[in-house]
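J.: the amino acid sequence is not available; the structure is as follows:
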């Protein structure tokens with residue numbers, strides 16, 4: 001009876017899901033042979049879990065390229081996906097961000113594509129794309145393209161990245177010369193396809209990366225148009241952290257009996273376990289000082305600061321630079337060249353802080369990010385998981401700090417409840433709080449800047465623009481106070497020198513030369529201030 005039970009238990013273990021088998025290899029070995037584990041070499045215990053890409057049936061050329069980049073052992077999502085995807089089966093992959101999804105679909109795409117050096121390439125139309133990978137943002141497309149190029153070096157595949165914000169000339173020239181794998185964003189891909197510059201009629205593999213993000217950004221209609229331009233016999237792989245109703249409907253319409261592979265039990269528990277989370281209630285004016293002190297913590301390396309608006313990202317980046325830190329913004333108002341330059345400097349450790357908005361930072365995969373700071377409370381639990389997923393990637397540890405305003409405490413409580421986190425009441429925190437220094441490992445006495453503030457130049461009170469009266473006493477006048485022309489002779493002398501006009505001047509009352517007679521003062525009796533009367537002036541005018 002005991003033997004039958006053991007046989008049935010063994011058969012149940014052999015038929016268990018892939019993720020359970022992967023997680024239970026090492027505990028079973030140590031539990032069944034506790035005595036031999038102590039004396040046996042360490043390599044004997046770790047051997048069953050040390051799978052390589054070669055063990056999963058990946059081509060040697062691809063394995064060699066990955067090993068040159070230091071990639072030898074697959075992650076769980078890669079191990080579960082490759083065995084299915086290499087056979088050409090449609091699949092839906094659900095995995096937390098930062099778990100290696102790119103190679104999970106990138107290796108099958110490369111391996112099932114025919115290289116230009118292969119004899120079978122003659123049967124494929126010259127230079128037509130064989131695989132299409134669609135990403136929601138430019139940064140994610142560039143990241144996926146980088147991983148694909150690393151893995152495809154041994155195969156000699158031609159990879160092209162297509163996205164908006166740059167000119168068409170380079171992309172059109174590359175399409176004319178011929179490409180094998182195209183990676184791009186939906187808008188520019190559809191634009192080139194409508195221009196007949198991008199031919200998708202020979203695509204045998206289609207990948208939709210971060211499908212839920214494409215739904216949030218409104219790209220789903222463009223994705224459906226792209227799907228209709230590809231053959232129905234293609235292999236379709238869809239990767240998404242969540243499965244909204246629209247994504248489920250898309251999968252049912254355009255996929256053929258897909259296999260669902262899930263690396264997590266549920267999205268609600270999708271926060272990275274190795275990421276330490278801290279929630280502080282802080283004042284908006286004190287937040288730059290808090291970030292400046294966290295940047296000088298003992299284990300601080302690279303940091304990504306998430307903001308709600310583009311102006312806020314620009315302002316905070318400029319503030320951190322003024323404080324002496326190497327920072328750069330990343331938002332939608334920046335030109336594409338500037339955004340790529342900021343990401344390159346961030347990857348190469350030339351800048352330490354990247355201040356980004358949610359849209360611009362989607363899909364950023366940069367190693368060495370030790371801290372993620374939410375400058376403001378995220379909009380919802382999904383945004384929170386996306387943000388803190390930028391740290392603690394690929395098994396590394398990280399720190400996620402959220403600075404909640406007093407007006408956003410209620411919003412944070414909703415996020416806390418949705419994710420079942422133990423931070424219902426954020427701790428009121430200032431840049432001088434002792435628990436901030438203790439939690440983050442900040443040396444005592446640290447200030448939020450590394451350089452002294454720039455001195456403020458106070459200019460003396462400017463003098464009035466009007467010059468003093470003493471300098472303007474000899475100014476020229478066009479009329480005297482009595483109405484005569486300035487600098488003219490008396491009426492008698494003027495009459496003797498001006499001929500016919502003298503008689504007219506003598507007939508006029510004194511002071512009648514003023515053209516604007518309405519400004520002349522009048523006495524209380526109504527007569528003119530210079531002795532002339534209004535009726536007499538009117539008669540003279542009529543004559």
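T.: Looks like it came in fine. This structure is a prediction, so every number in the text was calculated from the model and none was measured.
J.: if you rank every helix and strand of the protein by mean pLDDT, what lands last?
T.: Ranked by mean pLDDT, DSSP states H and E, the weakest helix or strand in the chain is helix 18-32, scoring a mean of 37.
J.: report pLDDT for the residue nearest to residue 202 when sequence neighbours are not counted.
T.: In this structure, residue 202 finds its nearest non-sequential neighbour in residue 128, 4.5 Å apart by C-beta to C-beta, 6 or more residues apart in numbering. Bear in mind the C-beta positions are built from the backbone N, C-alpha and C, glycine included. Per-residue confidence at residue 128 stands at 90 (pLDDT).
J.: element containing residue 128, please.
T.: In this structure, residue 128 is located outside every helix and strand according to DSSP states H and E.
J.: okay, now it: neighbour count?
T.: Neighbour count for residue 128, taken as other C-beta atoms under 10 Å: 16.
J.: before we move on, what about residue 69?
T.: With neighbours defined by other C-beta under 10 Å, the count for residue 69 comes to 11.
J.: mind listing what it touches?
T.: Residue 69 makes contacts with residue 150, as judged by C-beta atoms under 8 Å, 6 or more residues apart in numbering.
J.: and it, how far from residue 87?
T.: Noted for residue 69: a distance of 26 Å to residue 87, by C-beta to C-beta, to the nearest Å.
J.: swap in residue 312?
T.: The spacing between residue 312 and residue 87, counted by C-beta to C-beta, is 48 Å.
J.: ok, those two, which is more surrounded?
T.: Neighbours per residue, other C-beta under 10 Å: of residue 312 and residue 87, the larger number sits with residue 312, 19 against 13.
J.: does the more buried one touch residue 358 like I think?
T.: No. Under the criterion of C-beta atoms under 8 Å, residue 312 is not in contact with residue 358, lying 11.8 Å apart.
J.: show me the shaky parts of the stretch 1-150 of the chain.
T.: Applying pLDDT under 70 to the predicted model, the residue ranges of the stretch 1-150 of the chain that meet it are 1-49, 96-99, 120-122.
J.: mind listing the strands for it?
T.: Under the criterion DSSP state E, counting those that start in this stretch, strands of the stretch 1-150 of the chain are mapped to 91-94, 131-134.
J.: could you do the chain as well?
T.: Here the chain has its strands, by DSSP state E, at 91-94, 131-134, 159-162, 181-184, 205-208, 235-239, 259-262, 275-281, 302-307, 327-330, 353-357, 369-374, 398-404, 427-428.
J.: I figured residue 71 hits residue 106, correct?
T.: No. The criterion here is C-beta under 8 Å, and residue 71 misses it with residue 106 at 11.3 Å.
J.: between these two, which has more neighbouring residues?
T.: Between residue 71 and residue 106, counted using other C-beta under 10 Å, the more crowded position is residue 106 (28 against 19).
J.: quick one: contacts for that one?
T.: Under the contact definition (C-beta under 8 Å, 6+ apart), the residues listed for residue 106 are 133, 144, 147, 148, 151.
J.: which stretches of the protein have low pLDDT?
T.: The model of the chain has pLDDT under 70 over residues 1-49, 96-99, 120-122, 263-274, 360-363, 392-396, 456-543.
J.: domain ranges for it?
T.: The record's domain split for the chain, according to automatic domain parsing, is 14-49, 54-268, 271-440.
J.: need those domains in CSV with distance to residue 454, can you?
T.: Listed next are these as CSV, based on distance: least, C-beta to C-beta, whole Å:
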stretch, distance to residue 454
domain 14-49, 55
domain 54-268, 33
domain 271-440, 7
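J.: quick check: the gap between residue 379 and residue 147.
T.: Distance of residue 379 to residue 147, given as C-beta to C-beta: 29 Å.
J.: who has more neighbours out of these two?
T.: For residue 379 versus residue 147, the count of surrounding residues by other C-beta under 10 Å is larger for residue 147: 20 against 13.
J.: contacts only, for residue 287.
T.: With C-beta under 8 Å, 6+ apart, residue 287 has these contacts: 375, 403.
J.: likewise for residue 417?
T.: Counting by C-beta under 8 Å, 6+ apart, residue 417 touches residue 424.
J.: mean neighbour count, the strands of the stretch 1-150 of the chain: which tops it?
T.: For these, the largest average neighbour count (mean count of other C-beta atoms under 10 Å) is found in strand 131-134, namely a mean of 26.
J.: neighbours around the nearest residue to residue 257 once chain neighbours are set aside, how many?
T.: In space, and not counting its chain neighbours, residue 257 is closest to residue 90: 6.6 Å by C-beta to C-beta, 6+ apart. When neighbours are counted by other C-beta under 10 Å, residue 90 registers 19.
J.: before we move on, what about residue 325?
T.: 21.
J.: for residue 299, same thing?
T.: Under the neighbour criterion other C-beta under 10 Å, residue 299 is assigned a count of 11.
J.: verify the stated contact: it with residue 370.
T.: Yes. Look at residue 299 against residue 370 with C-beta under 8 Å: they come within range, at 6.1 Å.
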